[in-house]
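Chemist: using only what follows, build the 3D model:
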Amino acid sequence: VLGTGDTAGLGGLSLWDGAKRVPLFGAGAPQAKLTVVVPGPVRAMVKAEYPAVSTADGEVTVTVFYSTFADSAFSRQDVVLASRHAGPIAFGPALQNLDRAAWSFDKAKGCLSVWGKGAGKAGEIGLAAIFPPAALTAVEETAADRALKLDGRAGRTLTYWVAGGWERGADAPDSPGAQGWARHVEELAARLLVPVKVEFKAK
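Modeler: Next up is the predicted model:
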């Protein structure tokens with residue numbers, strides 16, 4: 001359905017060394033050490049530990065906890081950066097630029113999405129990234145993809161989500177197409193970006 005090739009696909013992660021983007025995906029990227037933290041079946045989580053990336057501000061180590069629930073069309077990424085650099089560290093996911101792509105972006109709602117042609121005879125598909133609006137510093141566009149630049153800091157966890165849809169899939173938007181997918185992503189972002197409040201009350 002999604003032919004990623006050497007592209008970012010759905011949520012390929014990058015770091016930035018100043019203005020230079022350093023992809024952590026593709027054939028030439030550093031290989032992460034993968035550890036299964038939770039095997040499922042209700043929820044699955046994989047820990048990815050990337051080798052240190054050299055930047056002008058020193059080395060940056062990236063650890064990502066990828067998790068998803070059964071029958072879910074989206075996954076959660078919790079990213080932890082380690083560095084001696086105390087300032088901002090730009091990083092973020094990217095979405096592949098599909099054939100016949102129709103893009104939708106809303107910073108205030110925290111979502112970037114694209115609807116277009118899937119691989120081969122798959123038909124049309126959708127990709128999306130959902131992010132905390134306050135963390136976004138820029139969107140970088142290339143011929144291959146669009147990448148979110150998020151404001152990361154060493155020792156601080158930053159969470160975002162990626163989602164996929166297919167016009168023939170069980171989780172297809174109610175009205176498959178660019179507008180239906182964009183609306184579906186906005187509704188998903190509204191749910192995911194609301195913090196869960198937990199209270200304990202004595203009886």
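Chemist: what helix or strand does the closest residue to Ala178 other than its chain neighbours sit in?
Modeler: Spatial nearest neighbour of Ala178, excluding adjacent residues (C-beta to C-beta, 6 or more residues apart in numbering): Ala102 at 3.5 Å. (Glycine included, C-beta is placed from N, CA and C.) For Ala102, the enclosing helix or strand under DSSP states H and E is strand 99-106.
Chemist: and Ala82, bridged to which residues?
Modeler: Beta-bridge pairing of Ala82 under DSSP bridges involves Thr61.
Chemist: residues contacting it?
Modeler: Residues near Ala82 by C-beta atoms under 8 Å, 6 or more residues apart in numbering: 60-63, 154-155.
Chemist: farthest pair within these?
Modeler: Farthest apart among those by C-beta to C-beta are Val62 and Gly155. That separation is 12.7 Å.
Chemist: closest to Gly116 out of the contacts of Ala82?
Modeler: Val62 (28.6 Å).
Chemist: what's the burial count for that closest one?
Modeler: Residues near Val62, counting by other C-beta atoms under 10 Å, number 24.
Chemist: for it, which non-adjacent residue is spatially closest?
Modeler: Tyr50 (4.4 Å).
Chemist: related to what we said a few turns ago, tell me the mean pLDDT over the strand holding Ala102?
Modeler: For strand 99-106, mean pLDDT rounds to 96.
Chemist: please render the contacts of Ala82 as CSV that adds pLDDT and distance to Thr137 to the earlier fields.
Modeler: Below are the contacts of Ala82 laid out as CSV (pLDDT from 0 to 100; distance: C-beta to C-beta, whole Å):
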residue, pLDDT, distance to Thr137
Val60, 96, 16
Thr61, 96, 21
Val62, 97, 17
Thr63, 97, 21
Ala154, 95, 16
Gly155, 92, 19
